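K.L.:
need coordinates for the below:
(2 chains)
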Amino acid sequence: MSEQAVTAQSEDFSRWYNEIVYRADLAAPSPVRGCIIIKPYGYEVWEGIKAGLDRRIKETGHQNAYFPLFIPESYIKREAEHVEGFSPELAVVTHAGGRELEEPLVVRPTSETVIGEAFSDWIQSYRDLPLLINQWANVVRWELRTRPFLRTAEFLWQEGHTAHASHDEAEEETLQMLDVYADCAVNDAAIPVIKGEKSRMERFAGAMRTYTIEAMMRDKRALQCGTSHNLGQNFAKAFDIRYLTEANTQEFCWTTSWGLTTRMVGAVVMTHGDDKGLRLPPKLAPYQVVIVPIYKRDAQRVAVMEAVERLREALTESGIRVHVDRREGQSPGFKFNDWEMRGVPVRAEIGPKDVENNNVVLARRDVLGRQGKQFVSQDGVVDAARDLLADIQRALLDDAQAFRDAHIQDASSYDELRAVVEAGDWARSWWAGSDADEQAVKDKTGATIRCFPFEQPGGRGECVKTGKAAEKVALFAKAY
RNA sequence: CGGGGCGUGGCGCAGCCCGGUAGCGCGCACGGUUUGGGUCCGUGAGGUCCCCGGUUCGAAUCCGGGCGCCCCGACCA
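P.N.:
Alright, predicted model coming up:
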């Protein structure tokens, strides 16, 4: 008997998270500080997210392209706020080919600058607009404090960059892509998110407006899962992205950018995971069903494996991702725990008794123990599995949403806000404060404005900090 | 960059105070046993004890210096 249980979430969430990431085989430590090796199982989760998002990006009229990893240092400096925002975390190449470079090359932290430069060439006339480009890439930001998936020195993402003829068109695009992100989060990752606008302080470096989808993790901390920026004409002016109007006048374009990262994998872990390990939403699970064969003697083995193989084929043919656990050395009990750790939504058990009765046991990951098990006729397995998967997908979302809603509270005074945040919950409060006020709240409580949610109560209220008349409520929370 | 902690087989650790040339658990390999909720037994492989220097007949252990990592904050997707 070995000691194999993970640290409980309630005991030390951060330790729980780290253990799950490594033990569920999502990632491995890397030789470089702050980076991780994304292992096949973790990468497949990312590929699932990526596939769903890429499809939606294309459906909304964007095309994929690829821009260079290296950016001339001077580019970064062209947009004032952008430099200021990113300088501290840049990785810079000063030598190449055995010689010092004339101009250092920045390893991209994001690509507004290179892409902006390209756009200025590509766009001549209003007929070239809108220009809708996306790229899948890796970027590097030398963060001081890193965590697997949530914040790594190098991460994978998608960054969309678009140029438009008017502010309103750009704004529409920005909001459309936020909807796309929310759709991915909710319908693929089963993560309920709150759409909203970032405060000035939390805005992207160089953006006019930043929109976000915010999710609540199992420790009640907030995680920004994706952002969409209306860049106004800031980058167009810095990179001279202009177009000729129908009336033959020169105008600056209105640009947007939006990104979603491998952080989403961390969000899946922290939104759905429990003390037994991962709980993967069926739509993103590399294996949706794992079959664990059970047998004692060779004679049983043959019969059981025959049934297993039949089942595997039937499930695969119906489009379900199946894995058969053929490992010889491990007991069924060990395998049950192992696959629970790895979050496979449905486990199918087939033993001699099932072969005899033409049965199979289906166990759902989101309902542990006997309650989550059911006997199904082998002939009905495909339908049963399909129903179960759909149900689990829904249940995970409902579960996460109920959890989140139970931990957001209205706070109508500063004292209340502090109490709510101190209890770990999110506070919803009227806000009309300045940057300094926002900073003060952060210093005092550790909470930041996650966003001004699109869903507003309406009317006006009294700012929780300044007492001034406020038109919007903000969500305050401790964040990753 | 401030505050804590730690560097010993793949992983987690003990040994260090009181120097004598390395041990435990897990994992791994092989054999057997077991298999419907983390089987058990046996055999075996695997180590520059972070690095450099010093003290000593002898250093994982003592002394000096370096390096690295982790955790907690500030910066951030």
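
K.L.:
pLDDT below threshold where in the stretch 351-480 of chain A?
P.N.:
Judged against pLDDT under 70, the stretch 351-480 of chain A has no low-scoring part.

K.L.:
for RNA strand B, what is the nearest residue in it?
P.N.:
With Cβ to the nearest atom of the strand, the shortest gap between the stretch 351-480 of chain A and RNA strand B falls at A:Gly351, namely 2.2 Å. (Each C-beta comes from the backbone N, C-alpha and C, glycine too.)

K.L.:
does that residue touch A:Val304 like I think?
P.N.:
Yes - because the distance of 6.5 Å satisfies Cβ atoms under 8 Å, A:Gly351 is recorded as touching A:Val304.

K.L.:
shared neighbours, those two?
P.N.:
Among the neighbours of A:Gly351, those also in contact with A:Val304 (Cβ atoms under 8 Å, 6 or more residues apart in numbering) are A:293-295.

K.L.:
can you tell me which residues in the stretch 51-200 of chain A are near RNA strand B?
P.N.:
Applying Cβ under 7 Å from any atom of the strand, one finds that the stretch 51-200 of chain A approaches RNA strand B through A:85, A:88-89, A:141, A:143-147, A:150-153, A:155.

K.L.:
adding pLDDT and secondary structure, write these out as a markdown table.
P.N.:
Rendered in a markdown table, the data for those read as follows (pLDDT from 0 to 100; DSSP: H, G, I helix; E, B strand; the rest coil):
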| residue | pLDDT | secondary structure |
| --- | --- | --- |
| A:Gly85 | 84 | helix |
| A:Pro88 | 83 | helix |
| A:Glu89 | 86 | helix |
| A:Arg141 | 90 | coil |
| A:Glu143 | 85 | coil |
| A:Leu144 | 81 | coil |
| A:Arg145 | 82 | coil |
| A:Thr146 | 85 | coil |
| A:Arg147 | 88 | strand |
| A:Leu150 | 91 | coil |
| A:Arg151 | 90 | strand |
| A:Thr152 | 89 | coil |
| A:Ala153 | 88 | coil |
| A:Phe155 | 92 | strand |
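
K.L.:
neighbour-wise, which of those leads?
P.N.:
The most crowded member of these, judged by other Cβ atoms under 10 Å, is A:Thr152 (24 neighbours).

K.L.:
quick one: contacts for that residue?
P.N.:
A:Thr152 is in contact with A:34-36, A:143, A:146, A:262, counting by Cβ under 8 Å, 6+ apart.

K.L.:
between those, which is nearest RNA strand B?
P.N.:
Using Cβ to the nearest atom of the strand as the measure, the one of those that approaches RNA strand B most closely is A:Glu143, at 5.0 Å.

K.L.:
near RNA strand B, from the shared contacts of A:Gly351 and A:Val304?
P.N.:
A:294-295.

K.L.:
which one of the shared contacts of A:Gly351 and A:Val304 sits closest to RNA strand B?
P.N.:
Proximity of the shared contacts of A:Gly351 and A:Val304 to RNA strand B was ranked by Cβ to the nearest atom of the strand; the top entry is A:Ile294 with 4.7 Å.

K.L.:
ok, now how distant is A:Ala51 from A:Pro457?
P.N.:
Distance of A:Ala51 to A:Pro457, computed by Cβ to Cβ, to the nearest Å: 37 Å.

K.L.:
next one: A:Asp179
P.N.:
For A:Asp179, the distance to A:Pro457 (Cβ to Cβ) stands at 22 Å.

K.L.:
looking at these two, which is more packed in?
P.N.:
Relative neighbour count places A:Asp179 above the other of A:Asp179 and A:Pro457, with 15 against 12, counting by other Cβ under 10 Å.

K.L.:
and of the residues of the stretch 51-200 of chain A next to RNA strand B, the nearest to A:Ala427?
P.N.:
A:Leu150 (22.6 Å; Cβ to Cβ).

K.L.:
show me what the closest residue to A:Ala91 other than its chain neighbours is bridged to.
P.N.:
Using Cβ to Cβ, 6 or more residues apart in numbering and skipping residues adjacent in sequence, the residue nearest A:Ala91 is A:Val107, 4.4 Å away. Each beta-bridge partner of A:Val107 is listed here, defined by DSSP bridges: A:Phe70, A:Ala91.

K.L.:
is it true that A:Val107 touches A:Thr94?
P.N.:
No - with contact taken as Cβ under 8 Å, A:Val107 and A:Thr94 are classed as non-touching, separated by 11.4 Å.

K.L.:
neighbour count for the two, which is higher?
P.N.:
It is A:Val107, of A:Val107 and A:Thr94, that has more neighbours when counted by other Cβ under 10 Å, with 17 against 10.

K.L.:
other residues contacting stretch A:52-63?
P.N.:
The set of residues that contact stretch A:52-63 without belonging to it, under Cβ under 8 Å, 6+ apart, is A:64, A:132-134, A:136, A:158, A:160, A:162, A:176-177, A:180-181, A:183-184, A:187-188, A:260, A:283.

K.L.:
if we go to 7 Å?
P.N.:
Outside of stretch A:52-63, the residues within contact range by Cβ atoms under 7 Å, 6 or more residues apart in numbering are A:132-134, A:158, A:160, A:176, A:180, A:183-184, A:188, A:260.
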